[in-house]
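K.L.:
For reference, the sequence and a predicted model appear below.
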Amino acid sequence: MKLVGREARHFLEQPDPDGAGVLLFGGDAMRVALKRQTLVAALIGPEGAAEMRLARIAAADLRRDPAALDDAVRAAGFFPGPRAVVVEDAGDGLAELMRGALADWRAGDAQIVVTAGALKAGSPLRKVFEAARNAVAIGIYDDPPGREEIAAALAAAGLGNVDRAAMGDLEDLARGLGPGDFAQFLTKLALYKAGDPAPLKAEDMAACAPRATEADLDHLLDLVAEGQAGRLAVELRRAGTQGSAPVKLVIDAGRRFRTLLAAAMAPDGPEAALARVRPPVFGPRRARLAAQARGFGAERLETALGLITETDLALRSGGAMPGLAMVERLFVRVAMLRPR
């Protein structure tokens, strides 16, 4: 049987305890692995692996020893409870073996959970699971999680109380991050909010959101983008002593000012443009970057990017001036472009 959409999501969280097998396939190995983790936990419980009710077999091992699957499915466990056998990295070459295993499956045997990469509609392995009455095939695609999936992940992390703005930010972040990074972010957010009964807000998101650059460098570029030329020398020396190469400083400055230029030129406003950045920015951080974009304006931002490009080329050509001095001159010139 083939499941898609809401039925597939529901099945992964509440699988059929009397089913024989499940095939999870998709091009993103991380997404498939996370769904497999959810499914196996629902099948055998959180203590199943510790109680040796979970067996893992690599597809390569099965090709050498096909009988290993039947042995694992029928093996009696030391602890009572449902069992599962995970077959990883399967391909179409195992289709007939899986057909026989599903046909021979009996109540009390371990459920067979098979993971595979991207499989075409005509894949023999897919056809085996889609045609079997006691098995399910679920495609795991690269679509970002919807609000329902995010809400379920939040509830699992103990974050059920979320205000509307923060939920919107979470949806933006889910579109910008991979599934593993998003799961780690939710874990970090849950730790941050542990013991705090207040609703999750955009400010909490901003405190935990992944940053594209180091915090000190973000602060330095904020000073440049806000025209605070007088404070740059001290911050630049700090960045230099922390090992930031001049070329990296210029590259990150170029990235920041391209983001600001795109925000300044967006017809729907800087805030909307910044929400589309990957990964997105949130709350007060988004407001600060939007203010920087408005303060400079598109024309001056283009001029700033021209200066940044010139300095980048000069640094790479190995000029006589020390690199950090070139970066300091660049940042002061760019900061002074912003109208007072």
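P.N.:
Structure's in. What do you need?
K.L.:
What is the burial count for Leu313?
P.N.:
When neighbours are counted by other C-beta atoms under 10 Å, Leu313 registers 11. Quick note: C-beta positions are derived from backbone N, CA and C, even for glycine.
K.L.:
wait, Gly297
P.N.:
17.
K.L.:
Repeat that for the one 4 residues further on.
P.N.:
Counted with other C-beta under 10 Å, the burial measure for Leu301 works out to 26 neighbours.
K.L.:
Could you verify my assumption that it touches Thr259?
P.N.:
No: look at Leu301 against Thr259 with C-beta atoms under 8 Å: they stay out of range, at 9.8 Å.
K.L.:
was I right about Gly323 contacting Lys248?
P.N.:
No: applying C-beta under 8 Å as the test, Gly323 and Lys248 come out as separate, 10.3 Å apart.
K.L.:
Compare these two and say which is more crowded by neighbours.
P.N.:
More neighbours surround Gly323 than the other of Gly323 and Lys248, with 18 against 15 (other C-beta under 10 Å).
K.L.:
contacting residues for that one?
P.N.:
Contacts here follow C-beta atoms under 8 Å, 6 or more residues apart in numbering; on that basis Gly323 touches Ala245, Pro246, Val247, Leu315.
K.L.:
which of those count as buried?
P.N.:
Neighbour counting by 16 or more other C-beta atoms under 10 Å classes Pro246, Leu315 among those as buried.
K.L.:
Flag the least confident of the contacts of Gly323.
P.N.:
For those, the weakest pLDDT value sits at Ala245, with 76.
K.L.:
looking only at pLDDT, what's the mean for stretch 151-166?
P.N.:
80.
K.L.:
Name the residues that touch it?
P.N.:
9, 13, 145, 167, 170, 183, 186-187, 189-190, 193-194, 197-202, 204-205, 283.
K.L.:
ok, 7 Å please
P.N.:
Leu186, Thr187, Leu189, Ala190, Lys193, Pro199, Leu200, Lys201, Ala202, Asp204, Met205 (C-beta atoms under 7 Å, 6 or more residues apart in numbering).
K.L.:
Make TSV from these and add pLDDT to it.
P.N.:
Output for the contacts of stretch 151-166, formatted as TSV (pLDDT from 0 to 100):
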residue	pLDDT
Leu186	84
Thr187	85
Leu189	85
Ala190	86
Lys193	86
Pro199	87
Leu200	86
Lys201	84
Ala202	77
Asp204	82
Met205	78
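K.L.:
quick check, nearest of these to Leu62?
P.N.:
Distance to Leu62, by C-beta to C-beta, is smallest for Thr187 among the contacts of stretch 151-166, at 33.5 Å.
K.L.:
ok, that closest one - contacts?
P.N.:
Ala157.
K.L.:
check which helix or strand covers it.
P.N.:
helix 179-192 (DSSP states H and E).
K.L.:
contact partners of the helix or strand hosting Ala55?
P.N.:
Per DSSP H and E: Ala55 is located in strand 54-58. Strand 54-58 has contacts (C-beta under 7 Å, 6+ apart) with 40, 44, 48, 68-69, 72, 84-89, 110.
K.L.:
try stretch 90-99
P.N.:
Ala59, Leu62, Arg63, Pro66, Leu69, Val114, Thr115, Ala116, Ser123, Pro124, Leu125, Val128.
K.L.:
And that stretch, what's buried?
P.N.:
Of all the residues in stretch 90-99, those buried under the rule 16+ other C-beta under 10 Å are Ala90, Asp92, Leu94, Ala95, Leu97, Met98, Arg99.
K.L.:
Let me see the confidence value for the last one.
P.N.:
Note for Arg99: predicted pLDDT of 95.
K.L.:
same thing with the third one?
P.N.:
Taken from the predicted model, the pLDDT recorded for Leu94 is 95.
K.L.:
Who are the contact partners of Ala137?
P.N.:
Here Ala137 is in contact with Lys2, Leu23, Arg126, Phe129, Glu130 (C-beta under 7 Å, 6+ apart).
K.L.:
repeat that with 10 Å
P.N.:
1-4, 8, 21-25, 114, 116, 119, 123, 125-131 (C-beta atoms under 10 Å, 6 or more residues apart in numbering).
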